[in-house]
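Peer 1: need a 3D model of the following:
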Amino acid sequence: MRCQLYVFDNQQVAVEGITSYLSKKTGVKIAGQATNLKDSLAIISRTRSSEEPIIAITELSFKKSGGGDNIEGTSLLRAMRLSGKNILPIVFTIMDAACYAHIAMHEEFGARGFVSKNAPLSTLSNAIEIVSAGGLFIQNELKEGITEFNAFLSTLTKTEKKVLQCLQSGASNKDAAQTLGLSQRTIENHLSNIYTKAAVADKNQLFNLLGISAQGEDIRII
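Peer 2: Numbering: from 1, shown residues only. All right, here's what the predicted structure looks like:
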């Protein structure tokens, strides 16, 4: 397997465990590691262009002590995509809901693989092998949920998508109505239809499904 590895995770014990396993299992060179966003971004900026791919194993959540869940790791994904260098990200994360896979592997962020931290490290090793060869990798146990999530998004009408985009930006039903030039009752009707399509009961459940409850960048998934 010809590649180098970066490992970015907010937990030092996770970085040590990942690097120890992969260096022994795959024999690849660990070219950089960091436990916070600032140091991770610095490593990316210092990366020199290379024909040999660099696989970047990264968390989505860089949760601070006492802080809420976040998906600030998307800033790393974007930086890698925009770097113009041969850096191929694989997300290895506790944030393994389908919505986060959808976000990470969207063309805006460009992750090449997505693996849950509940998976054995051998799955991560398999992902590295496939991604370093130019492929995409999604953990088998996550594929069904991702397929269902994408199917839900495909059922939304243009207006329903606009309503959700307003809500993602933090707008209330009233604000969404004013922005879209619709009555508040019409917004509520659209939301009712969205709840039915998503098989959820209320806005809180919808936000959890879409990952809107996670803190971080203004991420649009629709």
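Peer 1: helix, strand, or coil at Asp96?
Peer 2: The three-state assignment at Asp96 reads coil, by DSSP: H, G, I helix; E, B strand; the rest coil.
Peer 1: list the contacts of the closest residue to it other than its chain neighbours.
Peer 2: Of all residues not flanking Asp96 in the chain, Ser116 sits nearest, at 3.6 Å (CB to CB, 6 or more residues apart in numbering). Glycine gets a C-beta too; all of them are placed from N, C-alpha and C. Shown in contact with Ser116 (CB atoms under 8 Å, 6 or more residues apart in numbering): 93-94, 96, 139, 141-142.
Peer 1: what do you get for Glu148?
Peer 2: Going by CB under 8 Å, 6+ apart, the list of residues near Glu148 reads Ala98.
Peer 1: element containing it?
Peer 2: helix 140-155 (DSSP states H and E).
Peer 1: mind jotting down where the strands sit in this structure?
Peer 2: Assigned by DSSP state E, the strands in the chain fall at 4-8, 29-34, 54-58, 87-93, 113-116, 137-138.
Peer 1: what is the burial count for Phe8?
Peer 2: 28 (other CB atoms under 10 Å).
Peer 1: and it, bridged to which residues?
Peer 2: Counting by DSSP bridges, Phe8 is bridged to Ala34, Thr58.
Peer 1: close enough to count as contact, it and Gln33?
Peer 2: Yes: under the criterion of CB atoms under 8 Å, Phe8 makes contact with Gln33 at 7.2 Å.
Peer 1: quick check: nearest residue in space to the residue nearest the centre of the chain, chain neighbours excluded?
Peer 2: Centroid check for the chain by CA atoms, centre = their mean gives Ala104 as the closest residue, at 3.0 Å. Closest residue to Ala104 apart from its sequence neighbours, by CB to CB, 6+ apart: Ala111 at 4.1 Å.
Peer 1: now do Asn173
Peer 2: Of all residues not flanking Asn173 in the chain, Ile187 sits nearest, at 4.9 Å (CB to CB, 6+ apart).
Peer 1: and Ser83, by the same measure?
Peer 2: Ile44 (5.9 Å).
Peer 1: pLDDT score for the closest residue to Ser23 other than its chain neighbours?
Peer 2: The spatial neighbour of Ser23 that comes closest, neighbours along the chain excluded (CB to CB, 6+ apart), is Ile30 at 5.7 Å. For Ile30, the pLDDT comes out at 91.
Peer 1: Ile30 contacts Leu22, correct?
Peer 2: Yes: here Ile30 reaches Leu22: they are 7.4 Å apart, a contact under CB under 8 Å.
Peer 1: tell me where the protein has helices.
Peer 2: Using DSSP state H, the helices of the chain run over residues 12-26, 37-46, 74-82, 98-104, 121-132, 140-155, 158-168, 173-180, 184-198, 203-210.
Peer 1: tell me where the model's unsure across the protein.
Peer 2: Filtered on pLDDT under 70, the chain yields the residue ranges 1, 63-70, 212-222.
Peer 1: mind exporting stretch 191-199 as PDB, just the C-alpha atoms?
Peer 2: Only the C-alpha atoms of stretch 191-199 are listed here, as PDB (Å, rounded to 0.1, in the frame of the first residue of the first chain):
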ATOM      1  CA  LEU A 191     -43.500  20.800   7.600                       C
ATOM      2  CA  SER A 192     -46.300  18.300   8.200                       C
ATOM      3  CA  ASN A 193     -45.600  16.800   4.800                       C
ATOM      4  CA  ILE A 194     -41.900  16.700   5.600                       C
ATOM      5  CA  TYR A 195     -42.500  15.000   8.900                       C
ATOM      6  CA  THR A 196     -44.500  12.300   7.200                       C
ATOM      7  CA  LYS A 197     -41.800  11.700   4.500                       C
ATOM      8  CA  ALA A 198     -39.100  11.600   7.200                       C
ATOM      9  CA  ALA A 199     -41.200   9.400   9.500                       C
END
